[in-house]
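J.: starting from these lines, generate the structure:
(chains A and B)
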Amino acid sequence: MNKKRFSPLRNEGVQMLLASLLCILGGLLIGFVVLLIIEPSGAFEAIIAILKNFFRFSRVNQRLKYLGQTLVRTAPLLMCSLSVLFAYKVGMFNIGAAGQYVAGACATLFCALYLKMPWWACMMAAMAAGALLGAISGALKTFRNVNVVISGIMLNWIMLYVTNTVLSLPGIKNPMSPYTIQIRGNSPTALLPQMGLQKLFNNEKSVTIAIPIAIIMAIVVWVILNKTKFGYELKATGYNYHAAKYCGMKENRNIILTMMIAGALAGMGASLLYLTGIEEWETTISSVPAMGFNGIAVAFLGGLSPIGSILAAYFIQHITLGGGNVDLSVYCAQISSLISSLIIFLCAFVGFFRLTMQNYLRKRDEAAAAKAQVKKGGRPS
Amino acid sequence: MILLTQYTLLFASVLMLVALGGCFSERSGVINIGLEGIMVIGALGGALVMKFLPVEFGGAPVMVLATLIASALSGMIFSLLLAVAAINFKADQTITGTAMNMLATAAATVAVKAMNTAASGGSDVSSDIIYTRARDTFIVRFGTFEFNWFMLFALIALVLSYIILYKLRFGLRLRACGEHPQAADSVGINVYKMRYAGVLISGILGGIGGIVYITAGVSSWKFENGVAGFGFLALAVMIFGQWKPLKIALAALLFGFFRALGNVYTGFDILKNLNLPSTVYNMLPYIISLIVLALTSKNSLAPKAEGIPYDKGSR
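T.: Next comes the predicted model:
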């Protein structure tokens, strides 16, 4: 009698998936209402345009090309979300991923355009820059008790201005525009190799090994967190700092190391975007790029699992690019950032949702047990 | 020099208002990372009044009051998002706050763009609101020094905050909920109500801070940019001020000074001759706040129960 009944609703993964889908649905619904408020007549087409993204093209070749571009932009987003979730598993909220991403962009473009280094060296530089920024946050936390969120935000802004200054140097910035010069013409060895992947996407030239690298990194993060002693120690430090210390783990080293790894992941994400040559850095931007913040959305939407992040990253990038397809004379592209921020907001309720669900399942079990008792002739207790 | 004083006082007013808001929320036990977003929404509410309320209607006092009330109300309503999520649903306060920051900028951009697009028939798709004439009503000129009514208001807010937190029963109860909510509950204080009060007050002050910030130096605002991390600077001010109103005021003056330098450094020959790129001055407040935090956070006096959702059943 005591055998636990199998039900898919009891599975933690299924619960997370259900919760994420609810968040998405809620975000889209509220987004739709906002579109309705702005202009009711075209709202339905607008939300469909956001969801369709590249499916708006009728020709398969074009769909493949734009699918390729969406994937190219998904790779850095996935890296940022890995950065956020890695730190979160160790008990820290890495809002500094945005700044670490910017630091990565700075280092990778400096190495590519100024020093004309090959791609792997540029990528290493980006990782080092991100790791350095992460290390600062981590060290401030362990030695000076500065909240990681606050130091992360401060470093985001500092890095933004540093990057704008560095990338405005002559030889890096295009003298005719606010953008940096193109990698493709000026430093071709810095471009990530394609290895024939572009053939899958109708010869889209920005498709490179960045996409498989990002997926491999997601798997690596999963293995580190779940299958190694190192990952176990990190998580233990996150759950209970003092217990970890008591058990002889190097708790301070663990925190700094976590932030360095998180930083390196975000920095690498930047190199995976800029070394494909799909876009240049704009040296006059006055706000921190949204990539790192969207990484937070992805990490929580993916249920804080590296594998879930792959799907979530694709979804968020899909609707972000889809936002550009709404009728811009009535609506604006930021409607997708509104939807993604709504999704994060709803993700904060996931814990509550799962608690409610577990309570419901338990009550159902109790009711069933009481019924069984009655059937057997005993009194319901 | 007068210009530097003027900007220092203005930015200090902003930082002080928002940091006091954060102080109320955190003293009641709720971390308010969403202050940045609250500022944006408060600024939006105020800017809309400034744009649509004709200056002739009642003149300066009506304009100043209407803008203040609109900002405070918008900030308060937006802070309800945090209150409901963090207090009733026991959601993670950091995630909620971060989401609110992103939500505020996105929502403000969408709203202003929709408004501009509709008003211009599709030719103007910017996210700017222009309020030149209304802004003039906030200012009283003494020679070259421009006194802004909001400076006075920030001072009043400071005095009121001090009285509320330390001299009234309400303040004592609020602080108790941030230190030891179980103990507060045991003597009959409604912890949920107190925390709601804390968060809503932070919404009011944050919203007002938002409108003061965007009207500080310019006559139009691009809502796509949010408030450029000012809400977070205010959080740094609050931590540096050790969650105490008077120390917050001093910290706000210090940070306001460095922020003001970025606006007016070209007026000083010494600074101009250093020939530093303007980005250095942009970075300065953030660098200073990091250093200051590193020096002062070691013995943090943060409310003990902040960030922990209150659960009646737990010990």
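
J.: every contact and neighbour count from this point should use C-alpha atoms.
T.: OK.

J.: give me the contacts around the one helix or strand in chain B whose mean pLDDT sits lowest.
T.: Lowest on mean pLDDT, DSSP states H and E among the helices and strands of chain B sits helix B:269-274, with a mean of 76. Residues from elsewhere that reach helix B:269-274, judged by C-alpha atoms under 8 Å, 6 or more residues apart in numbering or on different chains: B:265-266.

J.: buried stuff in that helix?
T.: Within helix B:269-274, no residue counts as buried by 16 or more other C-alpha atoms under 10 Å in any protein chain shown.

J.: right, and the helix or strand after it?
T.: The element immediately downstream of helix B:269-274 (helix or strand, assigned by DSSP states H and E) is helix B:278-296.

J.: which positions within that next one qualify as buried?
T.: Neighbour counts over helix B:278-296 (16+ other C-alpha under 10 Å) mark B:279, B:281-287, B:289-290, B:292-294, B:296 as buried.

J.: and for stretch A:199-213?
T.: Judged by neighbour count (16+ other C-alpha under 10 Å), stretch A:199-213 contains these buried residues: A:201-202, A:204-211.

J.: so which of these belong to helices?
T.: Secondary-structure check on those using DSSP state H: residues within helices are A:210-211.

J.: tabulate the buried residues of stretch A:199-213 (a markdown table), appending distance to A:Q62 and pLDDT.
T.: Below are these laid out as a markdown table (distance: C-alpha to C-alpha, whole Å; pLDDT from 0 to 100):
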| residue | distance to A:Q62 | pLDDT |
| --- | --- | --- |
| A:F201 | 9 | 84 |
| A:N202 | 8 | 81 |
| A:E204 | 10 | 82 |
| A:K205 | 13 | 82 |
| A:S206 | 14 | 85 |
| A:V207 | 14 | 89 |
| A:T208 | 18 | 89 |
| A:I209 | 21 | 90 |
| A:A210 | 21 | 91 |
| A:I211 | 19 | 92 |
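
J.: farthest pair within the buried residues of stretch A:199-213?
T.: When C-alpha to C-alpha is used, the two most widely separated members of those are A:N202 and A:A210, lying 17.0 Å apart.

J.: before we move on, back to that, want to throw the buried residues of stretch A:199-213 into a markdown table with distance to chain B?
T.: Output for these, formatted as a markdown table (distance: C-alpha to the nearest C-alpha, whole Å):
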| residue | distance to chain B |
| --- | --- |
| A:F201 | 32 |
| A:N202 | 34 |
| A:E204 | 31 |
| A:K205 | 31 |
| A:S206 | 29 |
| A:V207 | 30 |
| A:T208 | 31 |
| A:I209 | 31 |
| A:A210 | 28 |
| A:I211 | 27 |
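
J.: in the stretch 51-200 of chain B, which spans are helices?
T.: According to DSSP state H, counting those that start in this stretch, the stretch 51-200 of chain B carries its helices in the segments B:59-83, B:93-120, B:132-136, B:149-167, B:169-179, B:181-186, B:191-214.

J.: what sits up against the helix or strand encompassing A:T165?
T.: With elements delineated by DSSP H and E, A:T165 resides in helix A:148-166, which encompasses its position. Helix A:148-166 is touched from outside by A:92-100, A:102-103, A:105-106, A:110, A:133, A:137-138, A:140-141, A:282-285, A:287-288, B:229, B:232-233, B:235-236, B:277, B:279-280, B:282-283, B:286-287, B:289-290, with contacts defined as C-alpha under 8 Å, 6+ apart.

J.: same thing with stretch A:107-115?
T.: When contacts are defined by C-alpha under 8 Å, 6+ apart, stretch A:107-115 is touched by residues A:117-119, A:121-123, A:125-126, A:129, A:166-167, A:171-172, A:181, A:183, A:186-187, A:190, A:270-271, A:274-275.

J.: buried subset of those as a PyMOL selection?
T.: This is how PyMOL selects the buried members of the contacts of stretch A:107-115, with burial counted by 16+ other C-alpha under 10 Å:
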select buried, chain A and resi 117+118+119+122+123+125+126+129+166+167+172+181+183+187+190+270+271+274+275
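
J.: check residue 11 and give its pLDDT.
T.: I went with chain A, as the question did not name one. pLDDT recorded at A:N11 is 76.

J.: chain B is the one I meant
T.: At B:F11, the pLDDT recorded in the model is 92.

J.: so who does B:I69 touch?
T.: Counting by C-alpha under 8 Å, 6+ apart, B:I69 makes contact with B:G46.

J.: recalculate using a threshold of 10 Å.
T.: Neighbour list for B:I69: B:42, B:45-46, B:49, B:63, B:75, B:204, B:207-208 [criterion: C-alpha atoms under 10 Å, 6 or more residues apart in numbering or on different chains].

J.: count of neighbours near the residue lying closest to B:D92 once chain neighbours are set aside?
T.: Of all residues not flanking B:D92 in the chain, A:A348 sits nearest, at 6.0 Å (C-alpha to C-alpha, 6 or more residues apart in numbering or on different chains). Applying other C-alpha atoms under 10 Å in any protein chain shown, we find 25 residues neighbouring A:A348.

J.: returning to that earlier point: okay, who's weakest in the contacts of B:I69 by pLDDT?
T.: Between those, the one the model trusts least by pLDDT is B:M63, at 87.

J.: what pLDDT does A:P8 get?
T.: We have a pLDDT of 69 for A:P8.

J.: follow-up on the earlier one: who wins for most neighbours among the contacts of B:I69?
T.: Neighbours here are counted as other C-alpha under 10 Å. On that basis the top member of the contacts of B:I69 is B:G207, with 39 neighbours.

J.: just checking, it touches B:A104?
T.: No. B:G207 is beyond contact range of B:A104, at 11.7 Å (criterion: C-alpha atoms under 10 Å).

J.: could you tell me which residues touch both of these two?
T.: With C-alpha under 10 Å, 6+ apart, B:G207 and B:A104 have common neighbours B:36-42, B:44, B:78.

J.: let's see which of those end up in helices.
T.: Of the shared contacts of B:G207 and B:A104, the ones assigned to helices by DSSP H are B:36-42, B:44, B:78.

J.: just the pLDDT for B:D124.
T.: The per-residue pLDDT of B:D124 was computed as 78.

J.: how many other residues sit next to it?
T.: Under the criterion other C-alpha under 10 Å, the count of neighbours that B:D124 has is 16.

J.: now the strands for chain A?
T.: Listed in chain order, the strands of chain A (DSSP state E) amount to none at all.

J.: in it, which helix has the most residues?
T.: Secondary structure of chain A per DSSP H: the longest helix is helix A:60-89.

J.: what's the pLDDT at the nearest residue to B:G22 once chain neighbours are set aside?
T.: Taking C-alpha to C-alpha, 6+ apart as the measure, B:G22 lies nearest to B:S202, with 5.6 Å between them; neighbours along the chain are not counted. The predicted local distance difference test score for B:S202 is 96.

J.: for B:S202, what are its contacts?
T.: In this structure, B:S202 makes contact with B:17-26, B:32, B:35, B:38, B:72, B:75-76, B:79, B:196, B:208, judged by C-alpha under 10 Å, 6+ apart.

J.: OK, contacts around B:V218?
T.: B:V218 neighbours (C-alpha under 10 Å, 6+ apart): B:130-132, B:135.

J.: would CSV of those residues with distance to chain A be doable?
T.: Conversion of these to CSV gives the following (distance: C-alpha to the nearest C-alpha, whole Å):
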residue, distance to chain A
B:I130, 19
B:Y131, 22
B:T132, 23
B:R135, 24
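
J.: just among the residues you listed, which is most surrounded?
T.: Among those, the one with the most neighbours (other C-alpha under 10 Å) is B:R135, at 23 neighbours.

J.: what about B:Y131, distance to B:I38?
T.: Using C-alpha to C-alpha, to the nearest Å, we find B:Y131 at a distance of 20 Å from B:I38.

J.: swap that for A:M154, please
T.: 19 Å.

J.: these two: who's more crowded?
T.: B:I38 (38 against 25).

J.: setting aside sequence neighbours, what's the nearest residue to that one?
T.: B:G75 (5.2 Å).

J.: next up, the contacts around the one you found.
T.: B:G75 is in contact with B:35, B:37-46, B:69, B:200-210, counting by C-alpha under 10 Å, 6+ apart.
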